[in-house]
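Undergrad: fold the following for me, if possible:
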Amino acid sequence: MTATGEVSQPPVAWRYCGNQVKLWREGAGVTREQLAKEASYGYDTVKSMELGRRRPTLRLLEVADGMCGAHGKLLAAQEFLKPEPFPSYSMSFVRDEAEAIARSAYEASYIPGLLQTEDYARELLATHLPPLGEETIGERVAARLERQALLREPTKSFSFVIEEAALRRQFGGEGAYRRQLEHLVRVGELRNVTVQAMLTTRGFHAGLRGSFVLLETPEHERLAYEEGQVTGVLYDDPDKVSTIMRRHDMLARQALGPEESARFIRKLAEEQ
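TA: Sure, this is the predicted structure:
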């Protein structure tokens, strides 16, 4: 297994379907302006869909299918245009995470996905730029909640060190933030899950360069994953993984213990 890094880009299905719309349109002698007008879209919107930068909508497929005489061939593409449950650059990590027997992580900015409530996940995804469509948000929230079933597998172990700033980041309507904190405490009570809070008063520490996740595979290989604004990198280079492991070990020692962390999080919840 080698290091992989992929910059986020539109799914192949978007690009292929958009190109098919363009080919059918040109073959039928229909201009982009005519298609845009008939579908009630702007010219640039249709151009983005044809180039695969935006997901071709059902409306565009219906109109293009009729105008270009595709007899259902373009409309059939809708089954392949459903939103992806995870960003394309994280798919390798998600697959390896599902198989891993141990997962250890440090998170500086927000509650990790495996520990998020539905309200938290939805609010977080709603801040994505460029904005995600409601269908995509719904698909990703559902996938994130389904992924949390991993926590219920008693033979897998999980360790989370979460920065205090992430724990204090409030969101949502009345009670949503408090419910998220209470959920953290409940999950931390599982015998295979450890949740620790890294207090701001600890000052500088080894995690300040960014969040990360460590995985141990069933074959006892060690992997590390780091995610940026538009890319994710999963690697197995022994030197790099060793560095991340040592940083995690230090963070776990510097953070509050599990019981102290639970008391700290409960206190935050009671203040709401």
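Undergrad: Three-state assignment for the most centrally placed residue in the chain, please.
TA: Closest to where the C-alpha atoms of the chain average out (Cα atoms, centre = their mean) is residue 86, at 5.3 Å. Classification of residue 86 using DSSP: H, G, I helix; E, B strand; the rest coil returns coil.
Undergrad: what's the pLDDT at residue 53?
TA: Here, the pLDDT recorded for residue 53 equals 87.
Undergrad: quick check, it in contact with residue 19.
TA: No. In this structure residue 53 lies outside contact range of residue 19 using Cβ atoms under 8 Å: 11.9 Å. For every residue, glycine as well, the C-beta is placed using N, CA and C.
Undergrad: got any residues that touch both of the two?
TA: Counting by Cβ atoms under 8 Å, 6 or more residues apart in numbering, no residue touches both residue 53 and residue 19.
Undergrad: ok, back up a step: can you give me phi and psi for the residue nearest to the centre of the chain?
TA: phi -140, psi 150 (degrees, to the nearest 10).
Undergrad: look up the closest residue to it, ignoring the ones flanking it.
TA: What sits nearest to residue 86 in space, not counting adjacent residues and going by Cβ to Cβ, 6 or more residues apart in numbering, is residue 94, at 5.4 Å.
Undergrad: following element in sequence after the one helix or strand the one you found maps to, please.
TA: Secondary-structure assignment from DSSP states H and E places residue 94 in helix 91-99. Using DSSP H and E, the helix or strand that follows helix 91-99 towards the C-terminus is strand 102-107.
Undergrad: what does that next one contact?
TA: 97, 112, 114, 150, 156-163, 166, 198, 207, 211-216, 247-248, 251-252.
Undergrad: if you set the cut-off to 7 Å instead, what comes out?
TA: Here strand 102-107 makes contact (Cβ atoms under 7 Å, 6 or more residues apart in numbering) with 97, 112, 156-163, 166, 207, 211-216, 248, 251.
Undergrad: output stretch 199-209 as CSV, nothing but the C-alphas.
TA: Output of stretch 199-209 as CSV, limited to C-alpha atoms (Å, rounded to 0.1, in the frame of the first residue of the first chain):
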residue,chain,number,x,y,z
LEU,A,199,-7.6,21.6,27.3
THR,A,200,-6.5,24.9,25.9
THR,A,201,-4.6,25.5,29.2
ARG,A,202,-2.2,22.7,28.1
GLY,A,203,-0.6,25.3,25.8
PHE,A,204,1.5,24.3,22.8
HIS,A,205,1.5,20.6,22.0
ALA,A,206,2.3,18.1,19.3
GLY,A,207,-1.0,18.3,17.6
LEU,A,208,-0.9,21.9,16.6
ARG,A,209,0.2,21.1,13.1
